[in-house]
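# Fold the following.
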Amino acid sequence: MSAEVNVTGSTVVLDVVDPPASSRFFTTHLGYREVLAGEDFVVLARGDRAPDVLLRQRDLELPPARPVGVLVSFAVTGIAAEDERLRRERAHITVPLHREPWGARQLELTGPEGFVVQLVEWTAPAGA
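Residues are numbered from 1 along each chain as shown. You can find the predicted model right below:
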């Protein structure tokens, strides 16, 4: 017998060196707002179905708890307009807008601590 978990929300947790700098990245480029901040953390949220983001101060005395290469992916609509907006804001776009063979249009930008945020618009593959 399997148990069902009643999930009512989700949070992406990023251990970062500078929570305020990472918060500015999310609030400036991704439409998040700060909902709670403490000495060593910031909680961000949006008014839609995107997960909350918890930016936790990383203990510099300890090795990183997670492997390098964190990627947070958000499904979006109107990705061409998002690409234009991010370029105007001078966001650090590390993978330009492109179409994948399976139909997704996507781009990636990198935050101040090296984490990657991917924006993806799902479309039908060419010829489908």
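
# contacts and neighbour counts: CA atoms only from here.
Noted.

# If you count contacts, what does the worst-scoring helix or strand of the chain on mean pLDDT end up packed against?
The least trusted helix or strand in the chain, going by mean pLDDT, DSSP states H and E, turns out to be strand 71-75, with a mean of 82. Contacts defined by 3 or more Cα pairs under 8 Å, 6 or more residues apart in numbering; DSSP states H and E place strand 71-75 against strand 116-121.

# how about the strands of this protein, start to end?
Shown for the chain, the strands assigned by DSSP state E span residues 11-16, 33-38, 41-45, 52-57, 71-75, 93-99, 105-110, 116-121.

# Show residues contacting the first one.
Which is strand 11-16. With contact meaning Cα atoms under 8 Å, 6 or more residues apart in numbering, strand 11-16 is reached by 22, 51, 52, 53, 54, 55, 56, 57, 58, 64, 72, 113.

# dump the residue contacts of the residue nearest to the first one when sequence neighbours are not counted.
This points to residue 22. In space, and not counting its chain neighbours, residue 22 is closest to residue 112: 6.1 Å by Cα to Cα, 6 or more residues apart in numbering. For residue 112, the contact set (Cα under 8 Å, 6+ apart) comprises 21, 22, 25.

# I'd like the distance from residue 112 to residue 19, if you could.
10 Å (Cα to Cα, to the nearest Å).

# if we can go back for a sec, output the contacts of residue 112 as JSON lines; include the columns distance to residue 106, neighbour count and pLDDT.
Putting the contacts of residue 112 into JSON lines (distance: Cα to Cα, whole Å; neighbours: other Cα atoms under 10 Å; pLDDT from 0 to 100) gives the following:
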{"residue": "21", "distance to residue 106": "25", "neighbour count": "14", "pLDDT": "94"}
{"residue": "22", "distance to residue 106": "22", "neighbour count": "21", "pLDDT": "95"}
{"residue": "25", "distance to residue 106": "19", "neighbour count": "19", "pLDDT": "96"}
